[in-house]
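In: starting from these lines, generate the structure:
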Amino acid sequence: MEYKNQKYYDIDIRDMKRRLPVVKVKEGLWIASFVILGDVELTSHCADELKKELEKLEFDYLVGPEAKVLPLLHIVAERLGFKDYIVCRKERKAYMKDAVVYDVKSITTQRKQQLVLNGSDAEKIKGKKVVLLDDVVSTGGTFNSMEKILEKAGAEIVGRAAVLKEGDTYKKDVIYLEELPIFTK
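Out: Residues are numbered from 1 along each chain as shown. Purely as a prediction, here's the structure:
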């Protein structure tokens with residue numbers, strides 16, 4: 001979508017409306033900034049809607065990246081009746097043993113960062129079916145990195161889900177609630 005000095009983008013996520021600020025992420029590229037973190041009403045609504053889609057799949061664990069998606073990950077897991085979920089951290093912590101690490105570059109960070117799976121979590125999901133969950137999928141960098149980590153850990157990825165799918169770069173199957181445009185000049 002062509003950028004025309006828009007300050008906001010209005011979105012309707014299955015009957016929940018929000019006004020998102022349009023922000024420049026690099027020369028010639030703007031996005032509608034979707035931050036679910038801190039919005040209790042929106043997080044709960046999106047969790048309920050994603051639950052409806054995810055309960056059609058058979059899987060053992062939800063897996064998501066740190067940090068913005070954590071409240072959503074928690075509520076979706078709870079709504080599905082799971083006792084726990086797996087988090088790919090953004091850096092190795094001192095308490096981690098036998099961590100699985102993979103580098104990722106996302107559209108919003110503009111730099112390399114790590115995703116790290118604690119060794120105890122890797123053991124927990126070995127041979128298990130998992131679904132990846134994120135707030136927004138754009139280039140697929142985070143999903144691809146989580147896939148690499150989970151493959152190393154021996155998990156079987158049976159689905160991917162996000163609240164929003166941004167642009168048309170990501171080509172793998174993903175469950176999402178609404179599309180979000182990318183703005184260019």
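In: what helix or strand is the residue most central in space within the chain located in?
Out: The residue lying closest to the centre of the chain (C-alpha atoms, centre = their mean) is Asp134, at 1.2 Å. Assigned by DSSP states H and E, Asp134 falls within strand 129-137.
In: now do that strand: which elements does it pack against?
Out: Here strand 129-137 touches strand 61-65, helix 70-79, helix 141-153, strand 156-166, going by 3 or more C-beta pairs under 8 Å, 6 or more residues apart in numbering; DSSP states H and E. For the C-beta atoms, the positions are set from N, CA and C on the backbone; glycine is no exception.
In: got the buried residues for the longest one?
Out: By neighbour count, and taking 16 or more other C-beta atoms under 10 Å as the criterion, the buried residues in helix 141-153 are Gly141, Thr142, Phe143, Ser145, Met146, Glu147, Lys148, Ile149, Leu150, Ala153.
In: again, but for the last one
Out: Taking 16+ other C-beta under 10 Å as the basis for neighbour counts, the residues of strand 156-166 that come out buried are Ile157, Gly159, Arg160, Ala161, Ala162, Val163, Leu164, Lys165, Glu166.
In: what about Val87, how many residues nearby?
Out: By the measure other C-beta atoms under 10 Å, the count of residues near Val87 is 21.
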